[in-house]
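In: Here you go, sequence then predicted model.
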Amino acid sequence: MEVNNNGSEEMSKNEGVIYRISGPVVTATGIEARMYEVVRVGHEKLMGEVIEIHGEQSVIQVYEDTSGIRPGEPVLSTGQTLSVQLGPGLLTQIYDGIQRPLQTLEEVMGVFITRGVDADGLDLKKKWEFVATASVGDDVTGGQVIGTVQETDTITHKIMVPPKASGKIKSIKSGEFNVTQTVCKLDDGTEIQMMQEWPVRHPRPFSQKYAP
């Protein structure tokens, strides 16, 4: 399926139109997207990712059913890459391929997920008991453990400094927090939460690997 791009010259650089559809692969024109950027496809705003760029055409892998969408429908660039939420609560969830919590969505809409639906991978409201293991004045770097959360009866979740952060701890305290609240602050103003958002195509840094 194809359509000529007759969009307005005033169309935003962040908005294009569907040019061709081939199963889960959609070609769009009129957007200035980067490789691996997340885009929203069609009137239902299906999630997709730019996998190829050929001149003014962007090839998009759509991660939802594309039946029913048509050439000429809008494609919106988000300016973001595909990322996941990492933190307490991850191990007790069941996800689809783009980290939508299936049990949570089933409670809202039944066994069939509505297309274009977004949902946080972690429960952003749930409170967790954070136990600080670092102290004010400690020098910390990326990957260093600053506290723990008892995520399940058998799993202790270690809360770490984000990979690119470092400095001296200005404040830290134990207590009940949700994953978006600040549990630690560094002297340069960096605020550390129990949740980290991480782009899926960037490997997490490590100092040592253990055999499974």
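Out: Good, I have the coordinates. The structure displayed is predicted, hence computed values, not measured ones.

In: got the contact list for the residue positioned nearest the centre of the chain?
Out: Central residue of the chain (C-alpha atoms, centre = their mean): Ser83, 2.9 Å from the mean position. Ser83 makes contacts with Glu197, Trp198, Pro199, Val200, as judged by C-beta atoms under 8 Å, 6 or more residues apart in numbering. Placement of C-beta: from N, CA and C, glycine included.

In: Need those residues in a markdown table (columns: neighbour count and secondary structure).
Out: Shown next, in a markdown table, are these (neighbours: other C-beta atoms under 10 Å; DSSP: H, G, I helix; E, B strand; the rest coil):
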| residue | neighbour count | secondary structure |
| --- | --- | --- |
| Glu197 | 14 | strand |
| Trp198 | 15 | strand |
| Pro199 | 12 | strand |
| Val200 | 13 | coil |
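
In: Next, the buried residues of the helix or strand containing Leu105.
Out: Taking DSSP states H and E as the definition, Leu105 sits inside helix 102-109. By 16 or more other C-beta atoms under 10 Å, the buried positions in helix 102-109 come out as Thr104, Leu105.

In: Just the mean pLDDT for it, thanks.
Out: The predicted model assigns helix 102-109 a mean pLDDT of 87.

In: Can you tell me what sits against the helix or strand following it?
Out: Toward the C-terminus, helix 102-109 is succeeded by strand 128-132 as the next helix or strand (DSSP H and E). Residues outside strand 128-132 that contact it (C-beta under 8 Å, 6+ apart): 88-89, 146-151, 159, 172-179, 183-184, 194.

In: Give the burial count for Gly167, as a bare number.
Out: 16 (other C-beta atoms under 10 Å).

In: Tell me the secondary structure of it, please.
Out: strand (DSSP: H, G, I helix; E, B strand; the rest coil).
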